[in-house]
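**Student:** for reference, the sequence and a predicted model appear below.
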Amino acid sequence: MSAAILSIGTELTRGELVNTNAAWLGEELTRLGFEVTEHATVDDDLDRIVTLIGRFSENHRVVVATGGLGPTSDDLTTEAAAKAGGVELRRDESVVEGIRQKFKAFGRVMPESNAKQGDFPEGADVLPNAMGTAPGFAITLGHARLFFVPGVPREMKHIFAESIVPEIAALAERRTHQVHVRTFGMTESGVAQALRGLEKEHAGLTLGYRAHFPEIEVKVRVRADSEAEAERRAESIAEQVRGILGDAVFGSRQESFAEVVGKVLRDNGKTLAVAESCTGGRVGEMLTRIPGASDYLLLDAVVYSNSAKESVLGVSPEVLRAHGAVSSETAAAMAEGALRVAGADIAVSTTGIAGPDGGTEDKPVGTVWFGLARKGEPTITKHRKLPWGRDRVQTLSAYVALELVRRAVLGRDFNLGER
């Protein structure tokens, strides 16, 4: 049962907006059991939109199209759908009145241009939009059911969940199941190499890989004679994947890396202090995105200057003069200072040169030192040389710092070598 996604808007084809809608819809349709075989993005050109609607309706059972339902002259989706179906547009005055009342509720008068959002191809089913002014609509062309929704992600997701899923869920074959395994610390090629041959061992298995820096996600998708059998086998194979990839595995589809680290801290009754220089607060920001982070995070000290390292964490001026801010000794002193100041169980530190300037021959851009201090344990430090520019150096450094914390709590080794 194939499905396709059509994204409409010149702002997408020009790259002015990132098309997150297509990725989200593709994943949701796959989860429902559809084979999503085609994505297309088209500009605000009536004839090109009509052509794609026609082609998609001939080749797919379900089509979801986003964008082009607004009140402006370049919003052409409704007109294109009517033209593709060979029908006229009809105005639904009840929809127009609903839009007018939404404006009134905010103390505003509806511009007359918004009235066009009440126009639909003759025979279309209106899909209510509680999150915005533009309703969606659905039409049938041949054997295909086509759904048209706004391009605003919040509105699109609401209409999809409330109106589209209830209609199409029964159409999917429901003979597949997919499990997501998220990893950190291995390259995409390294993960693929480790799992080579697995698809030949298991009939109906397809492995997919998604690189979302600095994580690699493995998608274990199994097709079987029934949904229950597909789920059972996918879970079993995913467990095998976890065993092969070992410590690199940190969670499943819904779990962020920081959320997993926070859960490990909470479950083990440990508290954490963070001392950041080159990461500029990124470690603490990742942790505090998660509700309840105050259960385990006691301190996040962003100490960019040497004077701040001295006054806030008690780093010795002699250490800084003798070894520099970017050094094993300073990383250790920062972690130990954070541990002492916060009274935490564990402290981690980052100090480095994120770039683009500031590097030397001995300490090039991308040089980062990490410190890990624990109550009653010797302090350890780790050194990495990270490529790819300032933002990625900071992001990857934050992940490495959190990985050190995770391993410390779980009692695992601290080998962070590339794999």
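**Tutor:** Ah, there it is.
**Student:** how much space separates the residue lying farthest from the centre of the chain from G371?
**Tutor:** No residue in the chain sits farther from the centre than E318, which is 43.7 Å out by CA atoms, centre = their mean. Relative to G371, E318 is positioned 17 Å away (CB to CB, to the nearest Å). Any C-beta I mention is one placed from the backbone N, CA and C, and that applies to glycine too.
**Student:** hmm, back to that, need the contact list for the residue farthest from the centre of the chain.
**Tutor:** By CB atoms under 8 Å, 6 or more residues apart in numbering, the contact list for E318 is empty.
**Student:** in the host helix or strand of it, what's buried?
**Tutor:** Assigned by DSSP states H and E, E318 belongs to helix 317-323. Buried residues in helix 317-323, counting neighbours by 16 or more other CB atoms under 10 Å, are found at V319, L320, H323.
**Student:** contacts only, for G411.
**Tutor:** Contacts of G411 by CB under 8 Å, 6+ apart: none found.
**Student:** what do you get for P111?
**Tutor:** P71.
**Student:** next: L29.
**Tutor:** Counting by CB under 8 Å, 6+ apart, L29 has contacts A3, I5, V36, V62, V64.
**Student:** partner residues bridging G371?
**Tutor:** Note on G371: beta-bridge partners by DSSP bridges are S349, T381.
**Student:** name the single longest helix found in this protein.
**Tutor:** What stands out as the longest helix in the chain, according to DSSP state H, is helix 390-410.
**Student:** export that one as CSV, just CAs?
**Tutor:** Presented in CSV, the C-alpha positions along helix 390-410 are these (Å, rounded to 0.1, in the frame of the first residue of the first chain):
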residue,chain,number,x,y,z
ARG,A,390,32.8,25.7,15.8
ASP,A,391,29.2,24.6,16.2
ARG,A,392,30.0,20.9,15.6
VAL,A,393,33.0,21.0,18.0
GLN,A,394,30.8,22.5,20.7
THR,A,395,27.9,20.0,20.1
LEU,A,396,30.2,16.9,19.9
SER,A,397,32.1,18.1,23.0
ALA,A,398,28.8,18.3,24.9
TYR,A,399,27.9,14.8,23.9
VAL,A,400,31.4,13.5,24.9
ALA,A,401,31.0,15.2,28.3
LEU,A,402,27.6,13.5,28.9
GLU,A,403,28.9,10.2,27.7
LEU,A,404,31.7,10.3,30.3
VAL,A,405,29.0,10.9,32.9
ARG,A,406,26.9,8.0,31.6
ARG,A,407,29.8,5.7,31.7
ALA,A,408,30.9,6.8,35.2
VAL,A,409,27.4,6.1,36.6
LEU,A,410,27.1,2.7,34.9
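**Student:** tell me which other helices or strands the strand or helix carrying F56 touches.
**Tutor:** Secondary structure assignment for F56, by DSSP H and E: helix 46-59. Counting contacts by 3 or more CB pairs under 8 Å, 6 or more residues apart in numbering; DSSP states H and E, helix 46-59 packs against strand 2-8, strand 35-42, strand 62-66, helix 77-85, strand 136-141, strand 144-149.
**Student:** so which bits of whatever helix or strand comes next after the longest one are buried?
**Tutor:** Okay, so that is helix 77-85. Once the chain leaves helix 77-85, the next helix or strand it forms, by DSSP H and E, is strand 89-91. Buried residues in strand 89-91, counted by 16+ other CB under 10 Å: L89.
**Student:** check the offset of strand 89-91 from the chain's centre.
**Tutor:** The chain centroid and the centroid of strand 89-91 are separated by 39 Å under CA atoms, centre = their mean, to the nearest Å.
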